[in-house]
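[1] Okay, predicted coordinates and the sequence, questions at the end:
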Amino acid sequence: EKQAAHYTRQICRAIERCHSLNVAHRDIKPENLLLKDNSPIALVKLSDFGFAKIDDGNLMTPHFTPYYVAPQVLEAEKRQNYKPGASCLMSKHASPSPYTYDKSCDLWSLGVIIYILLCGYPPFYSEVPNKQITKSMRRRIMGGQYEFPKDDWKGVSEAAKDLVRHLLVVDASKR
């Protein structure tokens, strides 16, 4: 947990810097975190700004990696794929109008990364081999449904779990 906290602080600083410049990274994931060396106190750098965009309050394009995607990005994807008569793609409150999200999607991804750092696996995953995102996984993300299995989380502090709980909140304004 101590090492996870060390890395988390650095990732938070990188995200904070991006957000202070009003930039949404939109692809926060371990593959985009570079370690300077193999030491337990290695410097972490955030990389791959290919999906990054100025957050003008109207982010609509759903760029994401399935394990780390925030609910509002999935909603944007759902709205973008809307076709009249294909209501199964829409949530019960959805409309065909454009759906926007903001840089808080990066905070959700941070919550997923912290979860992984603390237990070794993601809170949301596909139960079907070779399928990146299933309906069930999408439903769990959209509902913020995850657990802290006792065997894997028994040595993790309540403060660390609380941080994850505050980041993996479906309501983006509460992250």
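    Now that the structure is in, tell me what you want to look at. Nothing here was measured: the structure is a model prediction, and the numbers come from that model. Residues are numbered from 1 along each chain as shown.

[2] in the protein, which spans are helices?
    2-20, 71-80, 105-119, 135-143, 150-153, 158-167 (DSSP state H).

[3] packing partners for the longest one?
    Packed against helix 2-20, as judged by 3 or more CB pairs under 8 Å, 6 or more residues apart in numbering; DSSP states H and E, are the following elements: strand 44-46, helix 105-119, helix 158-167. C-beta coordinates here come from the backbone N, C-alpha and C atoms, glycine included.

[4] Could you do the last one as well?
    In this structure, helix 158-167 makes packing contacts with helix 2-20, helix 105-119, judged by 3+ CB pairs under 8 Å, 6+ apart.

[5] contacts for it?
    Applying CB atoms under 8 Å, 6 or more residues apart in numbering, the external contacts of helix 158-167 come out as 1, 4-5, 8, 107-108, 110-111, 114-115, 118, 123, 148, 153, 174-175.

[6] can we see that at 7 Å?
    For helix 158-167, contacts defined as CB atoms under 7 Å, 6 or more residues apart in numbering pick out 1, 107, 108, 110, 111, 114, 115, 118, 148, 153, 175.

[7] Go ahead and build a ChimeraX selection from the buried members of those residues.
    Filtering those down to the buried ones (16 or more other CB atoms under 10 Å) takes a single ChimeraX command:
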select :107,108,110,111,114,115,118,148,153,175
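
[8] Please produce TSV containing the contacts of helix 158-167, extended by distance to residue 18 and pLDDT.
    Shown next, in TSV, are those (distance: CB to CB, whole Å; pLDDT from 0 to 100):
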residue	distance to residue 18	pLDDT
1	25	95
107	11	98
108	15	98
110	11	98
111	16	98
114	17	98
115	21	98
118	23	98
148	28	98
153	29	97
175	15	94
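
[9] now, of the helices and strands packed on helix 2-20, which is deepest in the fold?
    Comparing the helices and strands packed on helix 2-20 by mean neighbour count (mean count of other CB atoms under 10 Å), helix 105-119 ranks first with a mean of 23.

[10] That one relative to helix 135-143, how many degrees between them?
    Inter-element angle recorded for helix 105-119 and helix 135-143: 110 degrees (by axes from the mean of the first three to the mean of the last three CA atoms, to 10 degrees).

[11] Show me what helix 105-119 is packed against.
    Here helix 105-119 touches helix 2-20, helix 158-167, going by 3 or more CB pairs under 7 Å, 6 or more residues apart in numbering; DSSP states H and E.

[12] repeat that with 10 Å
    Applying 3 or more CB pairs under 10 Å, 6 or more residues apart in numbering; DSSP states H and E, one finds that helix 105-119 contacts helix 2-20, strand 23-24, helix 71-80, helix 150-153, helix 158-167.

[13] Those: which one's closest to residue 37?
    Evaluated over the helices and strands packed on helix 105-119, closeness to residue 37 peaks at helix 2-20, with 13.2 Å, by CB to CB.
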